[in-house]
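A.B. asks: Sequence plus the predicted model coming up.
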Amino acid sequence: MNPKEKTETPSFHGAIWKDGGFLNSEFHVRGGRIWEGRKGPVREAAYIIPPMSDPHIHGGWGMSFREDDFLQLERKLRLSGIGFAVPTLDNDTLPRMESAAKAFRNYRKQHPDTIFPFLRVEGPFISERRKGFQSEKHILAPDANRIDKFLSIEAVKMFTFAPEVPGAEQLVREALNRDWIPSVGHSDAGYTEFQPFYHMGVRHMTHFPNAMRGLHHRDIGLLGAGLLLEDMHLEVIADGVHSCREFLELVLRWAHDRVSLTSDMIAPAHAHVQRLEGRDVVRRGNTITTKDGMLAGGGTGVAEQAVLLAAWDYPPEKIVPLAVENARRFIGIKSPELKDGEPADFLLCDDALRVQAVYFNGVRITDGDRLFERGAKKESG
């Protein structure tokens with residue numbers, strides 16, 4: 001951090017995100033909160049926005065949530081501009097999920113100011129045909145005993161399922177009764193097969209439209225369902241790898257208000273890792289595949305995706321809801337606001353939406369410092 005910012009009241013000027021749009025204005029920080037007007041030295045930025053969101057991330061920088069790397073990954077994510085993220089476990093055995101959930105519960109007790117609200121699981125009741133990189137040996141059929149064991153794992157509140165799997169209706173009905181979020185994905189279901197689940201209340205799709213049945217004029221599949229049903233929330237990996245630019249433009253033109261950017265990042269992202277879950281992977285830039293070319297997961301963070309969309313001439317005022325607000329709104333967690341009295345958590349971005357500085361509680365963070373200041377236990381070591 002800048003030592004001067006400890007003693008001086010910093011002010012910030014630029015296009016500030018307020019009430020769904022940008023307003024050329026300024027504010028200063030006092031007591032870790034935002035106050036309108038200038039006071040003290042001014043820092044200019046092209047855009048000033050709240051921290052971004054990542055609703056589906058497995059890891060990165062050589063680390064994984066399944067391996068209890070919560071603290072290190074939270075530091076990396078905050079420094080990249082992420083202020084809200086949902087740690088996601090790969091498909092695995094129920095005992096290993098419970099073990100990861102126990103570690104997560106302990107982490108939240110130690111860090112109540114964490115950006116992680118709960119865990120989600122990409123599986124285990126998914127389609128073998130559309131499993132992608134998910135481990136086939138851990139795919140389960142949702143019988144009553146497995147459903148109860150899975151839905152009894154504390155801290156997990158969201159999961160991916162395939163509607164066509166026998167027993168899926170019982171699974172989803174029970175999950176909704178327990179206030180879990182079922183998300184459609186890794187599925188070969190057609191539009192008609194999905195209809196009962198839509199009428200039950202399912203409104204979310206996992207990394208749309210990857211690992212699900214595509215569009216056909218005699219069965220619009222899950223891809224068509226996501227576009228046609230106007231209250232389905234679609235998380236999209238806007239990296240130009242998982243979907244081409246033209247498809248992203250189509251989805252954003254048709255369903256912008258119900259799309260959230262997500263990374264689906266895995267441990268090899270931003271790291272020289274050549275093995276993942278016992279399998280060889282190849283990383284070329286931000287593309288991570290198996291040796292035979294199958295995508296293994298994401299390699300591009302949400303902040304990087306925002307820059308890519310800006311480079312494709314998507315307006316910043318259209319990008320901010322995708323990168324900041326939409327995921328939070330769907331999950332029911334309030335988005336941060338850059339208004340009087342609100343916590344001074346914000347990003348300074350250049351005219352290409354590249355994150356230039358991250359502020360938490362009014363202090364610029366540079367190496368993980370001051371990350372858990374508001375009410376957290378002091379770290380040792």
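C.D. replies: Happy to help now that I have it.
A.B. asks: What are the phi and psi values at His199?
C.D. replies: Taking degrees, to the nearest 10, you get phi -70, psi -20 for the backbone angles of His199.
A.B. asks: so the residue lying closest to Phe22 once chain neighbours are set aside, which of the three states?
C.D. replies: Leaving out its chain neighbours, the residue that sits closest to Phe22 by CB to CB, 6 or more residues apart in numbering is Ala15, at 4.0 Å. From N, CA and C alone the C-beta is placed, and that goes for glycine too. Recorded secondary structure, Ala15: strand (DSSP: H, G, I helix; E, B strand; the rest coil).
A.B. asks: Might you report the residue contacts of Ala15?
C.D. replies: Phe22, Leu23, Asn24, Ala46, Tyr47, Ile48, Pro316 (CB atoms under 8 Å, 6 or more residues apart in numbering).
A.B. asks: Gly341 now?
C.D. replies: Arg33, Ile34, Trp35.
A.B. asks: just checking, next helix/strand downstream of whichever helix or strand Ala255 is part of?
C.D. replies: Assigned by DSSP states H and E, Ala255 belongs to helix 245-255. Note on helix 245-255: by DSSP H and E, the next helix or strand toward the C-terminus is strand 259-261.
A.B. asks: shouldn't Arg105 be in contact with Ala155?
C.D. replies: Yes: Arg105 is within contact range of Ala155, at 5.1 Å (criterion: CB atoms under 8 Å).
A.B. asks: These two: who's more crowded?
C.D. replies: Ala155 (20 against 12; other CB atoms under 10 Å).
A.B. asks: how much space between that one and Ile331?
C.D. replies: 15 Å (CB to CB, to the nearest Å).
A.B. asks: Same check on Arg105?
C.D. replies: For Arg105, the distance to Ile331 - CB to CB - is 19 Å.
A.B. asks: so where's the stretch 251-381 of the chain uncertain?
C.D. replies: 367-381 (pLDDT under 70).
A.B. asks: the helices in it, which residues?
C.D. replies: 302-311, 316-320, 326-331 (DSSP state H, counting those that start in this stretch).
A.B. asks: Go through the second one and flag the buried ones.
C.D. replies: By neighbour count with 16 or more other CB atoms under 10 Å, helix 316-320 contains the buried residues Pro316, Ile319, Val320.
A.B. asks: Over to the first one?
C.D. replies: By neighbour count with 16+ other CB under 10 Å, helix 302-311 contains the buried residues Val302, Ala303, Glu304, Gln305, Ala306, Val307, Leu308, Leu309, Ala310.
A.B. asks: Is the fourth one in contact with Asp239, as I believe?
C.D. replies: Put plainly, it is Gln305. Yes: Gln305 lies in contact with Asp239 (CB under 8 Å); the separation is 5.9 Å.
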